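1. Have a look at this fold, sequence not included:
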């Protein structure tokens, strides 16, 4: 029953890292992949790279698809073009790959009867039609956040897709998902960006020599600031659409930083050591 | 004149990552390396690995050395054993590799007439007698922080050593060094440890599902928390001995984080975007 989607073409909307990688893997399984893209050049290059068998800027390319994956950036997912909505076959299972789930679910629940909200969590540094790669999802979490009225058969179809891509299936509440990513994805971006801004600020105040600070920064600084040097548009989108959970995460963060600062201020070596021992203990749980 | 040190044995006190790597490189230049170590087993293994020609737990091994490098952990450097002090040849140039400079200089200025405070900044994850490797210092900063009464000839000798090891020579004030490392080495440890503690704290409060949070953490979280999962003893030592500079760095950090949080609280997308754009711009300056 749940493998029926394999008997009809699969539609992919967007051929960036996520959409392109899905297309590549499905193509390798002899499934027919059809892609709806924004630009003609992307359509041509996508077919050339084997991301899809047919790719077009015309939404009619989705006709006859039994499963459609909306591999769109979050802003376009939250504000989908009317032509896309009209082109989605009413009997197809539709799923997305957006990195926030409550907002996406709220938007899409009324838009398509067989919509399933999901978030495959795979690397996001590369982008565009050249980024898609084989086995991107292998062993990575594929989080699905059904609502009370989500069609169970549609949910099973998305699970079958995730399993075909060798992802780890995880089912949870949309707000639980959003709170978790606030902590482990969005908070690190703000923490890391603040570190870069703090070092710059400190130079401006004349307290530290900016040239020296830059000359002495090593791999530890590079690692801690990596996510803070990422795409600003994406960062803003995530932050604003996950504002409440992120403010709550920031409150926890300020409390932890405040405790560490307190130890230092009181010159309390044993208490500081206990904090750093706890943090060393915690890290392997997240790897 | 400054290459005279090459004509006598070079002493290395401690055969960990830094001492062992110095010994290996110098041995490859046909210089005679003598090591003073804490345990007999280290002496044997150090010679076997080619870190030194002669290694001993007897300070007399340093007799006749023209240059001695104190490659000791910071706590032992700040509290040197009397037997070591007595064994240092009075006419030798003595330098250290400690990661803080004001405290080391304050301690050593009265202890040896030809002491030069220096800090070769190379990777510090590996430790012990197995850690030493060739070319560890190649292209890395070797910071030297002379005092007004530092012997200029001794300084030139240390520069000759750093150049022989292909390090980049950087000279600055000890407190400028300490302020810079507070920002780019010590602050990241606290920022990163606080992130791990915050995520844990948030789980405890019941706001986020601890299992989900751990399952969803990806490479971005791993990078941002790497230095926070490091050696707690070392972290405490650095923090307490560089307390003032680190408290100042923390104040800058809190200000930067507060501005970002303010943007989020006001839902001011353009201002948040400007902050994240600035942080993206800054990062390449530190790589």
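-> Nice, thanks for sending it over. Keep in mind that this is a model prediction, so the values were computed, not measured. Numbers count the residues shown, from 1 in each chain, chains lettered A, B, ... in the order given.

2. nearest residue to residue A:104 other than its sequence neighbours?
-> Among residues not flanking residue A:104 along the chain, residue A:98 sits closest, at 4.5 Å (Cβ to Cβ, 6 or more residues apart in numbering or on different chains). Any C-beta I mention is one placed from the backbone N, CA and C, and that applies to glycine too.

3. Repeat that for residue A:7.
-> Residue A:7 sits nearest to residue A:66 (Cβ to Cβ, 6+ apart), 7.0 Å away.

4. does that neighbour really touch residue A:10, like I thought?
-> Yes. The criterion here is Cβ atoms under 8 Å, and residue A:66 meets it with residue A:10 at 7.2 Å.

5. and the two? which has more neighbours close in?
-> residue A:10 (27 against 17; other Cβ atoms under 10 Å in any protein chain shown).

6. Who does the more buried one form a beta bridge with?
-> Beta bridges link residue A:10 to residue A:33, residue A:67, judged by DSSP bridges.

7. quick one: contacts for the spatially most central residue of chain A?
-> A centroid search over chain A (Cα atoms, centre = their mean) returns residue A:99, at 3.8 Å, as the residue closest to the centre. Contacts of residue A:99 were listed using Cβ atoms under 8 Å, 6 or more residues apart in numbering or on different chains, and they are A:74, A:119, A:181, A:185, A:238.

8. can you tell me how far it sits from residue A:74?
-> Distance of residue A:99 to residue A:74, given as Cβ to Cβ, to the nearest Å: 6 Å.

9. what sits in contact with each of these two?
-> In contact with both residue A:99 and residue A:74: residue A:238, using Cβ under 8 Å, 6+ apart.

10. just to revisit the earlier point, can you narrow the contacts of residue A:99 to ones near chain B?
-> Among the contacts of residue A:99, the residues lying close to chain B (Cβ under 8 Å from any Cβ of the partner chain) are A:181, A:185.

11. out of the contacts of residue A:99, which are buried?
-> Neighbour-count burial within the contacts of residue A:99 applies to A:74, A:119, A:181, A:185, A:238; the criterion is 16 or more other Cβ atoms under 10 Å in any protein chain shown.

12. What about these, which are in helices?
-> A:74, A:181, A:238 (DSSP state H).

13. Among those residues, which one sits closest to residue B:88?
-> Using Cβ to Cβ, residue A:181 comes nearest to residue B:88 of these, at 56.3 Å.

14. what's near enough to touch the closest one?
-> Taking Cβ under 8 Å, 6+ apart, one finds A:99-100, A:242, B:216 in contact with residue A:181.

15. about what we covered before: number of nearby residues for the residue nearest to residue A:104?
-> So residue A:98, with other Cβ under 10 Å, has 25 neighbours.

16. State the pLDDT value of it.
-> pLDDT, residue A:98: 94.

17. What distance do you get for it to residue A:80?
-> 11 Å.

18. Quick check: neighbours shared by the two?
-> A:70, A:72.

19. how about the closest residue in space to residue A:9 that isn't next to it in sequence, what does it touch?
-> Closest residue to residue A:9 apart from its sequence neighbours, by Cβ to Cβ, 6+ apart: residue A:32 at 4.1 Å. When contacts are counted by Cβ under 8 Å, 6+ apart, residue A:32 touches A:8-10, A:53-54.

20. rerun at 7 Å
-> Taking Cβ atoms under 7 Å, 6 or more residues apart in numbering or on different chains as the criterion, residue A:32 is in contact with A:9-10, A:53.

21. Also residue A:72?
-> Contacts of residue A:72 (Cβ under 7 Å, 6+ apart): A:13-14.

22. Identify the residues contacting residue A:228.
-> Per Cβ under 7 Å, 6+ apart, neighbours of residue A:228: A:189, A:192-193, A:195-196, B:279, B:283.

23. repeat that for 8 Å
-> A:189-196, B:276, B:279-280, B:283.

24. Please name the nearest non-neighbouring residue to it.
-> residue A:192 (3.0 Å).

25. buried set for the host helix or strand of that neighbour?
-> Residue A:192 is part of helix A:187-204 when elements are defined by DSSP states H and E. Within helix A:187-204, the residues scored as buried using 16+ other Cβ under 10 Å are A:187-203.

26. For residue A:262, give me its contacts.
-> residue A:268 are the contacts of residue A:262 under Cβ under 8 Å, 6+ apart.

27. Now the closest residue to residue A:202 other than its chain neighbours, what are its backbone angles?
-> For residue A:202, ignoring the flanking residues on the chain, the nearest one in space by Cβ to Cβ, 6+ apart is residue B:252 at 4.4 Å. Here is the backbone geometry of residue B:252 (degrees, to the nearest 10): phi -60, psi -40.
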